[in-house]
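Undergrad: Need a 3D model of the following:
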Amino acid sequence: MKITIVGGGWAGCAAAISAKKAGADVDLFEKTDLLLGLGNVGGIMRNNGRYTASEELICLGGGDLIKITDDCARHRNINFPGHEHASLYDVNIIEGVVERYLKDMDINVHLISRISDIEKEDNKIKGIYISTGEFIKSDVIIETTGSTGPMGNCLRYGNGCSMCILRCPAFGPRISISERAGIEDIQGERSGDILGAFSGSCKLAKESLSKEIRDKLNKDGVVVLQIPKEDVNYDKLKTKVCQQYALKEFAENIILLDTGHAKLMTTYYPLQKLRKIPGMENAKYVDPYAGSKGNSIRYLSVAPRDNTLKVKGIDNLFCAGEKSGLFVGHTEAICTGTLAGNNAVRYSLGMPLLTLPRSLAIGDLIAYANEKSETREGRRGRYTFAGSQFFNRMKSLGLYTIDKDEIKKRVDKINLTDIFNIKLV
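TA: Model prediction:
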């Protein structure tokens with residue numbers, strides 16, 4: 001069987017690995033020249049409930065990418081406002097490591113291969129068209145195109161093209177496979193009846209910061225600098241996609257994390273105001289280049305799906321990552337991608353599809369976000385293991401733990417240990 005994955009971010013890479021381990025031939029198409037998408041400027045893992053979800057995925061047999069991020073971590077077990085036991089992977093090396101891992105598994109990785117259209121018959125997609133005009137026939141498609149871009153969305157709902165890592169002007173616009181198949185996508189909302197949300201952080205060249213800040217970042221992984229009172233802006237917290245970081249501490253302080261670059265935990269910040277802060281007199285943005293006035297806009301293309309991650313209304317289309325819900329984060333993308341990849345193979349074989357039970361944090365997040373997408377208030381939320389309302393839910397339900405033995409027992413109890421390592425074909 002042939003599984004086709006559209007989009008090479010964390011979700012697409014996880015889906016590719018999962019489908020390959022289950023026994024399928026896998027082709028992954030990515031429009032740019034790099035895998036991982038926003039993962040090239042992200043870097044935060046294992047903070048708060050993401051630790052629980054990561055260990056669940058490892059016990060389920062889907063921890064390949066979790067291990068890679070652990071191996072590429074610059075810092076482990078660090079704390080910053082509102083977040084504990086985080087690890088920070090090096091954004092400057094992670095993509096190459098992941099690409100080699102996929103190729104070593106004989107996954108067919110097609111870079112600079114933008115999908116421009118589909119061919120559909122009844123309720124099935126027969127195949128996809130690359131922008132060159134080439135047609136690729138496929139048994140099952142997994143869409144992991146994310147929810148950012150094309151440029152028009154950032155122009156309409158944000159502050160213009162922010163010149164971010166996705167590089168739409170260079171590599172072309174993202175399209176929605178689900179919408180091309182006739183399914184109406186869900187769009188996230190924010191206050192004021194505005195659609196979408198700003199990406200939650202920027203990157204500064206670490207070399208542009210003072211030696212004192214650089215040394216502290218290299219040693220501790222985190223630096224907190226007080227913002228002058230006249231520059232504090234609490235209203236901007238409302239625009240962030242990452243509501244787990246929408247705490248007053250993130251408005252009152254510059255919070256920097258060491259991910260190879262200096263990760264600035266705000267949507268954007270005027271450079272001249274930034275340079276007023278001691279030690280940041282020479283600060284320079286490296287992503288997005290419009291970091292003084294804007295960032296990319298996300299959550300404008302979410303497919304309606306069930307809890308197996310199959311898109312409603314199309315027989316052979318699955319989704320993962322931001323395409324599958326108002327999810328925030330790499331861990332969330334990896335978890336949903338792993339389930340989608342396995343279920344794509346199950347669908348091809350005519351097997352029952354796997355739904356992860358709500359006794360696991362991963363299963364509860366997938367189901368909870370699905371329920372929330374059905375209401376307007378729910379579409380204003382963002383769902384992550386790391387904070388905001390879902391992390392509170394995890395704690396109230398007793399799902400949050402960093403006890404690995406306890407997590408292993410949970411997975412054993414429902415007979416799903418190593419389920420993603422089983423070859424199905």
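
Undergrad: Am I right that residue 78 falls within a strand?
TA: Yes - under DSSP: H, G, I helix; E, B strand; the rest coil, residue 78 falls within a strand.

Undergrad: Name all residues that make contact with it.
TA: Applying C-beta atoms under 8 Å, 6 or more residues apart in numbering, we find residue 78 in contact with 85, 86, 87, 88, 220, 221, 222. The C-beta positions use only the backbone N, C-alpha and C, and glycine is treated the same way.

Undergrad: Is the third one in contact with residue 45, as I believe?
TA: Yes - here residue 87 lies in contact with residue 45, judged by C-beta atoms under 8 Å, at a distance of 4.9 Å.

Undergrad: what's the overlap in contacts for these two?
TA: Residues touching both residue 87 and residue 45 by C-beta under 8 Å, 6+ apart: 69, 70, 73.

Undergrad: since we're on the first one, how many residues are nearby?
TA: Counted with other C-beta atoms under 10 Å, the neighbours of residue 69 add up to 27.

Undergrad: Relative to residue 18, how far out is it?
TA: Counting by C-beta to C-beta, to the nearest Å, the gap from residue 69 to residue 18 is 16 Å.

Undergrad: same deal with the last one?
TA: Relative to residue 18, residue 73 is positioned 23 Å away (criterion: C-beta to C-beta).

Undergrad: Same drill for the two, tell me which one is more crowded.
TA: Using other C-beta under 10 Å, the more surrounded residue of residue 73 and residue 18 is residue 18, with 30 against 21.

Undergrad: What sits closest to the more buried one if chain neighbours are left out?
TA: residue 341 (3.0 Å; C-beta to C-beta, 6 or more residues apart in numbering).

Undergrad: is it true that that neighbour touches residue 13?
TA: No - taking contacts as C-beta under 8 Å, residue 341 lies outside contact range of residue 13: 9.7 Å.

Undergrad: tell me what the lengthiest helix in the chain is packed against?
TA: Longest helix in the chain, counting residues (DSSP state H): helix 330-349. The criterion is 3 or more C-beta pairs under 8 Å, 6 or more residues apart in numbering; DSSP states H and E, and the helices and strands that helix 330-349 contacts are strand 2-6, helix 10-21, strand 44-45, helix 49-60, helix 64-71, strand 140-143, strand 317-319, helix 361-372.

Undergrad: relative orientation of it and helix 49-60 in degrees?
TA: 30 degrees (axes from the mean of the first three to the mean of the last three C-alpha atoms, to 10 degrees).

Undergrad: buried stuff in helix 330-349?
TA: By 16 or more other C-beta atoms under 10 Å, the buried positions in helix 330-349 come out as 330-348.

Undergrad: Assign a three-state SS to the residue lying closest to residue 34 once chain neighbours are set aside, would you?
TA: Closest residue to residue 34 apart from its sequence neighbours, by C-beta to C-beta, 6+ apart: residue 95 at 5.4 Å. Three-state call for residue 95 (three-state DSSP): helix.

Undergrad: Export the shared contacts of residue 87 and residue 45 as CSV, with columns for pLDDT.
TA: Output for those, formatted as CSV (pLDDT from 0 to 100):
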residue, pLDDT
69, 98
70, 98
73, 98
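
Undergrad: If we only consider those, which is nearest to residue 406?
TA: residue 70 (19.5 Å; C-beta to C-beta).

Undergrad: can you pull the contacts of residue 222?
TA: Per C-beta under 8 Å, 6+ apart, neighbours of residue 222: 75, 78, 79, 80, 255, 256, 257, 258.

Undergrad: Can you read off the pLDDT for the second one?
TA: In other words, residue 78. On pLDDT, residue 78 comes in at 96.

Undergrad: which residues of the stretch 51-200 of the chain fall in helices?
TA: Counting by DSSP state H, counting those that start in this stretch, the stretch 51-200 of the chain has these helices, from start to end: 64-71, 94-104, 151-157, 168-171, 177-180.

Undergrad: between those, which gets nearest to residue 207?
TA: Of all these, helix 94-104 comes closest under C-beta to C-beta, at 19.7 Å.

Undergrad: Quick one: mean pLDDT for that closest one?
TA: pLDDT averaged over helix 94-104 gives 98.
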